[in-house]
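Trainee: model the following, please.
(4 chains, ligands or ions: 4)
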Amino acid sequence: GGTTKKSTDSDSTKSGSGSSAAASANPSAPIKKGLTIAYLPKQVNNPYFTISDNGGKKAVEALGEKYKEVGTSSGTDTAGQVSYVNTLTQQQASAIAVSAQDPGALCTALNQARKNGVKVVTYDSDTNTNCRDAFVSQASAEDLGRTEVQLMAKQIGNKGQIAILSAAQTATNQNTWIDFMKDELKKPEYKDIQLVKVAYGNDDAQASFQQTQGLLQQYPNLKGIISPTTVGIKAAAQYLSGSKYKGKVQLTGLGTPNDMRAYVTNGTVQSFELWDPAKLGALAGYTAVALASGQITGAPGETFTAGDMGSYTIGKDSTVVLGKPTVFDKSNIDQYHF
Amino acid sequence: MTMTAKPASAAPPEAASTSGFLDRVLKVRELAILVVLVLMLLATQLDNHAFLSEQGIKDLLLNATILVLVAVGQATVVITRNVDLSVGSTMGITAFAAGEFLRGGGNPLVGVLIAIALGIGFGVVNGLLVSLGQVPALVVTLGTLYIIRGLDSIWFGSKQITAADLPSGFADFGHNGFGAVPYLALLTAVVLIVAAYYLRSYRSGRDLYALGSSPEAARLAGVPVRKRILTAYIVCGALAGLAGALYLARFGNVDSGTGNGYELTVVSAVVVGGVAFTGGSGSVYGAALGALLLTSINSVLPSIGVSSVWVQAIDGILLLLAIAVDRVVALRVAAVLRKRAAQTRSAIHHA
Amino acid sequence: MPEPTKSPQGKATSGTSGGFAVPAWARDSLRWDTVVGALLVVLLICSFSMVDNFGNALNLSFLIGNTLPIALIALPMTMLVISGEIDLSVGSTAGLSGAVMGKLWNEGMSIETIIPLCVLLGVVCGLVNGLLVTRLGLPSLAVTIGTLAAYRGIAQIVLGSNSVTDFPQQYLDFGSGRIGGTFIPQAAVPWAVLLVIAVIVLHATPVGRSLFAVGASQEAARFAGIRVKRLKLSMFVATGTVSALTGVFWALHYASARYDNATGLELSVIAGVLLGGIDFDGGKGTLGGAVAGVFLLGALQNVMSLVNVSAQSQILITGVLLVISVLAPRVARQVGRARARRKAADAAPPAAALATG
Amino acid sequence: MTDPEPERTPVLALEGVSKSFGAVRALRDVSLRLYAGEAHALAGENGAGKSTLIKALAGVHRPDSGTVLLDGAPVVFHGPADARDAGVAVIYQEPTLFPDLSIAENIFVGRQPRRSFGRVDHKSVRQATADLFRRLGVDLDPDQPARGLSIADQQLVEIAKALSFDARVLIMDEPTAALTGSEVARLFGVVRALRESGAAVLFISHRLEEVFQLCQRVTTLRDGAWIASEPVEGLTEDDLVRRMVGRDLDELYPKQDAKVGEVALSVRRLTREGVFTDVSFDVRRGEIVGLAGLVGAGRSEVARAVFGVDRWDAGEVEVDGRPLKSGAPSLAMSAGLALVPEDRREQGLVMEMSIERNINLTGFGATSRAGLMNRGAERSRAVDWALRLQVKYARLADVVGTLSGGNQQKVVLAKWLATDPRVLIVDEPTRGIDVGTKAEVHRLLSQLAADGLAVLMISSDLPEILGMADRVLVMHEGRLAADIPRAEATEESVMAAATGRGRNAA
Ligand SMILES: Nc1ncnc2c1ncn2[C@@H]1O[C@H](COP(=O)(O)OP(=O)(O)OP(=O)(O)O)[C@@H](O)[C@H]1O
Ligand SMILES: Nc1ncnc2c1ncn2[C@@H]1O[C@H](COP(=O)(O)OP(=O)(O)OP(=O)(O)O)[C@@H](O)[C@H]1O
Ligand SMILES: [Mg+2]
Ligand SMILES: [Mg+2]
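Mentor: Ligands and ions are numbered 1, 2, ... in the order given. Now for the predicted structure:
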């Protein structure tokens, strides 16, 4: 007897849930002034998030709103992130743009915030859909997953063993992307490519190093490594560039131009991709403002203008997609500085 | 009331034999780790022939260098019955300092020196707090762990050093070497040997063992306790600083999170190396071996294809095994010694 | 880790190793745990009056709710430390119990059976630590660093990358809800009960007396017929059990069971306990101090975020506090000794009088 | 370096020194002069301030007032190192060794002979140590770590250390407390040699006959105050005792005959590998059984095993016919067994806990009701026993570590007598205890015996054994060598057995 998963499945879905979705949107409503848009990244002092939050800062302040950034200094301090959500609720922020360390852990706090009239936008990594008003996605997970495989396939001539070096085993984004990679690899043109292993470097340089070494030793004729995490790819690149595998084993994935410049120029890496984090932050900001001004409620189909970035439409699961990622290589990398 | 003497004869021979036996035993205790290490590596080699290739050996050595350096410093402190938990933070901040300097196109050697100097600085702070303040090292250095970490992230914020900022020569130094032996490994070996020789063959070195063994007795014996503790912390800080510089050279990437949580790894290495937290015993060689063992495990597991899900659990269990085995060996030895003592005593008598 | 120099004087003036049972606190009012308690009160008063949004029920419940896990584990940890040992694996134990909870929940087992199982798991974790320390005589620092990694690793194997969030609502409510309109989280009630029990055990029972003795001198305690090993073992088990409970509470409070729940919790606990004036040589300290220390840190963090102190500065401040927490009593001691010496200089010696009276 | 006119300037002197610890005034305006080539004794009850005076001389304590004079000139020793450099060597009352270092290193720490580049010359360290031990006739392995040495062995190492300085001033705080006659005799030989070569010696012992054997001059302290400084000749032990205690002393060995009852403690074929073998004996109600033997004979080990802190490998132990388990002190206690251990600092007391807590450590049963401690009961139990044994303390809440050596020993006794045991094992019960208290303890023991307690008394103080014991068991090399009834027990008979020359009786 007792309370089991089944007995609760029925009601677990409607727990909390977007009370605001009920309210109706007014697309022509003016943009409210003096709103406070609070950014809560996975981790402060993380270069990637600093770039995107600064993007957000520009956008938000351009609209005459107030910008602030708070957050934990560790990327796995879920409890810390929760108490920050609580604090922001206390401080009556107009909207929170949060990149969730954990899809579930924030829900209670976020829904509490929303009950207190705070709009919640997730960016970069999402929470469960019923805990936020909208999710601003860096690029559709599908695009990212598939394009990374395509990049790798080009570099190794559609042939040979490849491996994936991911971040933490719990990283929500990476896992969805990897699923799409696997799906992409099912296509006939990639029949000669075998994905031999997914390794996890926990976004730690030393660990990623040793995982890379392990991959190369375990699969002597490994042709390429896909690392869909900025930390992983630069660790792998640093190792390859200093080892005998330099140039022989291809490496691609998600990285920032600044991190990867050295390795692209010294020929360790041919090409990799990423969206523009600054734009991501900006879009999150615009979305937050639009929500707080009542222009949108986060319901699919609604449209709003994101300043100079043009107008965006909310897709299913109230997701706003930034666009296709940019591919960086020798030819264009020097034009980007983030 | 006069009791006549227990015959004092036959003392020298007994001494000789016992001592010979003793140091052999002591040596063995470090050998034990070495044996485990070698067996593990060979086993892996059988499973995967790429493992001990030139590249493979080079990687093993490189992976170990940084941890070995910090562990040697930590051991010096632990021998004095103290501990320095701030090494991780120190390593992080020094790495960054060196990086900042090199980014400005500075000379690599100077960069390394800067890192070491900064490390010494923090060593002095810790040393003074512990020796003058006479407060538990665990707490103080847990405090400085946070403080230095905080300074680090306030000072550098979200800035980061990337390979592109570093002079190529420096990066090459990070991974090149003579054949399978990287420069970093050589450097580390030199440091290790110097440290070991100092601890074994200099009065001040022996003092460290003495005051670790019994602080009160050390004070009465006129050992300059505070000065010595300060020295130990300075050594530790300096090595953490050096390690920071080498980290930069090796990984080419540093941000304000670098070195986070490293202290636990270091402490584990020292413990596995048989340096007792009660002070006064153990050697830096042991600590170095411990470090080598730990890093090697983390190279072995991936290369025999153990899913990284298992790595952490296996790490922990191996650590437990290592110290447990070491302990059991020690107990056995003690028992043997007791029997020997008894035999020699009665031998003396019946002679 | 023992102090670098242990002079009899140092010990002599550092007050007796007693709870508030001993009139020690009446004697030297400068005892650190009382100071911490005072600090906490001062901080609360200031925050109520100066920091807006601090005083309201919601925030207070946040404050307490987020500090509870630390406060929970601090109870047995204090006793363990007083008996001269330490357990760094508490965070991992909590994580493991959370992970197992999630796993079994997904397996469709009923929560009413799961929770007792998790507690049992905690007992086992504690036993492993305790047996390694007492039977093999290994240093607890080393052992629990090992199990710190091991338990976390096992948690990872058990639950992998999943995170379980769909626990039954009434339990989630218990984890995050409050008593009526008050600021007191429901989970604070069982904690209070545990606190009372712990205080009594440590400061008013033979067990507590023995703990202090064992921490101060294991050998002498053994010669006094105290069953040292059994005592320590039971402390490890207690710590493990409470950690597991904390793991369950954590999973419910944050409505998420993941293998990396409560990572690094051990440091927060130790920081709080240390701040509360528990001596890591063992044999000294009071539960009051430990709890005050824990809540002082918790309240500080809450206030600092409310007044927008950046995470970096918070780390810094925590560190400074820790250092002060050990330096201050030291200084206080010096002052106290100086005063005593001056008094003694002109007081007649009571020693002789009391002797062969 | 012999001074032409020794009586003129003292090598080392204290003038009007006072020292207080908190409320305790350990020294009050005390003066003392040490002359080259003279052995000076320091006498006084426990807590009189002898050790404190020594620590003031050695630079461990800074006097609150008064001055230290070196060759007539005032000096301030900022630490033990200063005193050492000034040629002052000290043996402290409590051995202070480094358990992890080898014996040789213990002796030369900080002063190791050096080779080129200031490297320590381990070989000559070992050699020098071996030579010292030969001089003292000690057989210890210089390379053996100090951990696990018996108190006696530790004391010998301390002596060797002090001698290794060939200092101008040699200060010894109860160096003989743990030693048996043979070691004492050899020590005195060496000290006399030093004195003749012009060293000044300060010597403390509660064994007054030793004072008369070794010293020319004696200074007496009472409650931290200076009483007298005078030549030894012409002085009788009683004079000295009167100065120390301030009254005439009653008999030192007040042995009253008790009627011997049935067997209370029975030990059969007890064996602990490598320590003692096949030990069997009985102790009856009302009987005081002495256990004699050379240092290292294994007496303490037998006691430890019987009480259960060490396991035994073979044999049985019974208390009142109840068999005990190996390695279970708590069972032994509940069976009515009590052990006053040999090493009070490590085994007897929790040094950083209060006097009260120490006394009550054995009495949770008596001081708790329904599992809760009863403060009143705790305090009264402590006060009661502290006063019965005349412990000299300021407050019961004082840390026991601050008591004088002898008073610490009293606290240990109190702690165990408070359990009112059926069988009491005392290991060196009067080590470091002044004559007055010694008599007290002896009276107490024989009183307890008279009341039907069975007492096993281990002691290295042969007169004590002969004075107090109804029967004397003698151990030699870990075996029971003889069982001698009071009538036949003489120094000769006991020594013969102790050195293995005796008849193999019992
Ligand atoms: N570190 C200390 N702190 C406080 N009180 C102390 C300290 N050391 C000694 N005392 C006190 O000073 C007085 C003298 O102690 P001391 O050890 O000099 O006596 P003693 O003559 O050596 O006695 P014994 O013959 O037993 O060794 C005692 O009352 C003791 O309690
Ligand atoms: N704690 C200990 N650990 C290991 N060995 C010990 C210990 N104590 C004593 N020994 C050794 O055991 C033997 C007997 O110990 P001990 O000298 O205490 O016997 P004893 O007859 O009680 O002598 P005494 O009591 O006069 O010191 C000695 O060789 C001693 O070195
Ligand atoms: Mg004394
Ligand atoms: Mg003995």
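
Trainee: now check stretch D:92-106, is it near chain C?
Mentor: No: using Cβ under 8 Å from any Cβ of the partner chain, stretch D:92-106 stays clear of chain C, with a minimum separation of 9.9 Å. In this view, the C-beta of every residue, glycine as well, is placed from N, C-alpha and C.

Trainee: and the stretch 201-350 of chain D, which residues reach chain B?
Mentor: D:E209, D:E273, D:G274, D:V275, D:L294, D:V295, D:G296.

Trainee: run the last query once more with 10 Å
Mentor: D:207, D:209-210, D:272-277, D:292-298 (Cβ under 10 Å from any Cβ of the partner chain).

Trainee: contacting ligand 4 as well, which ones from those residues?
Mentor: Applying Cβ under 5 Å from the ion to those, one finds that nothing falls near ligand 4.

Trainee: and the residues you listed, which is the shakiest by pLDDT?
Mentor: Lowest pLDDT within these is found at D:V295 (73).

Trainee: mind checking the SS state of that one?
Mentor: coil (DSSP: H, G, I helix; E, B strand; the rest coil).

Trainee: so it sits against D:L140, correct?
Mentor: No: at 11.4 Å, D:V295 does not count as touching D:L140 under the criterion of Cβ atoms under 10 Å.

Trainee: tell me, what's touching these two both at once?
Mentor: Common contacts of D:V295 and D:L140, defined by Cβ atoms under 10 Å, 6 or more residues apart in numbering or on different chains, comprise D:D153, D:L156.

Trainee: distance between stretch D:402-422 and the chain's centre?
Mentor: 14 Å (Cα atoms, centre = their mean, to the nearest Å).

Trainee: and for A:N175, the neighbour number?
Mentor: If you count neighbours by other Cβ atoms under 10 Å in any protein chain shown, A:N175 ends up with 17.

Trainee: tell me the helices in the chain, going along the chain?
Mentor: In the absence of a named chain, chain A is used. A:5-12, A:47-62, A:78-90, A:107-115, A:141-156, A:172-185, A:205-218, A:230-241, A:257-265, A:277-292 (DSSP state H).

Trainee: wait, chain B
Mentor: The residue ranges that make up the helices of chain B, judged by DSSP H, are B:11-47, B:54-79, B:87-103, B:108-131, B:137-156, B:168-175, B:183-201, B:203-213, B:215-220, B:225-251, B:262-272, B:284-303, B:308-350.

Trainee: among these, which is nearest ligand 4?
Mentor: Proximity to ligand 4 (Cβ to the ion) singles out helix B:308-350 among the helices of chain B, at 15.1 Å.

Trainee: could you give the mean pLDDT of that closest one?
Mentor: Per-residue scores along helix B:308-350 average to 75.

Trainee: I'd assumed A:A95 was in contact with A:L88.
Mentor: Yes: here A:L88 reaches A:A95: they are 9.5 Å apart, a contact under Cβ under 10 Å.

Trainee: name the residue in the two with the higher neighbour count.
Mentor: A:A95 (29 against 25).

Trainee: measure that one to ligand 4 for me?
Mentor: Using Cβ to the ion, to the nearest Å, A:A95 is found at 79 Å from ligand 4.

Trainee: identify the residues contacting that residue.
Mentor: A:35-39, A:60, A:65, A:88, A:113, A:117-121, A:133, A:284-285, A:287-293.

Trainee: neighbours of the closest residue to C:R135 other than its chain neighbours, how many?
Mentor: Excluding its sequence neighbours, the residue lying closest to C:R135 (Cβ to Cβ, 6 or more residues apart in numbering or on different chains) is C:K229, at 7.6 Å. If you count neighbours by other Cβ under 10 Å, C:K229 ends up with 17.

Trainee: repeat that for A:L195.
Mentor: 17.

Trainee: touching, it and A:I164? I think so.
Mentor: Yes: contact criterion Cβ under 10 Å: A:L195 and A:I164 qualify, at 6.8 Å.

Trainee: overlap in contacts of the two?
Mentor: Jointly contacting A:L195 and A:I164 under the rule Cβ under 10 Å, 6+ apart are A:V149, A:M152, A:I178, A:M181, A:K182, A:I226.

Trainee: would you list those in JSON lines and tack on neighbour count, distance to B:V125 and pLDDT?
Mentor: Below are those laid out as JSON lines (neighbours: other Cβ atoms under 10 Å in any protein chain shown; distance: Cβ to Cβ, whole Å; pLDDT from 0 to 100):
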{"residue": "A:V149", "neighbour count": "25", "distance to B:V125": "51", "pLDDT": "94"}
{"residue": "A:M152", "neighbour count": "29", "distance to B:V125": "49", "pLDDT": "94"}
{"residue": "A:I178", "neighbour count": "20", "distance to B:V125": "45", "pLDDT": "94"}
{"residue": "A:M181", "neighbour count": "23", "distance to B:V125": "49", "pLDDT": "95"}
{"residue": "A:K182", "neighbour count": "14", "distance to B:V125": "51", "pLDDT": "94"}
{"residue": "A:I226", "neighbour count": "28", "distance to B:V125": "45", "pLDDT": "96"}
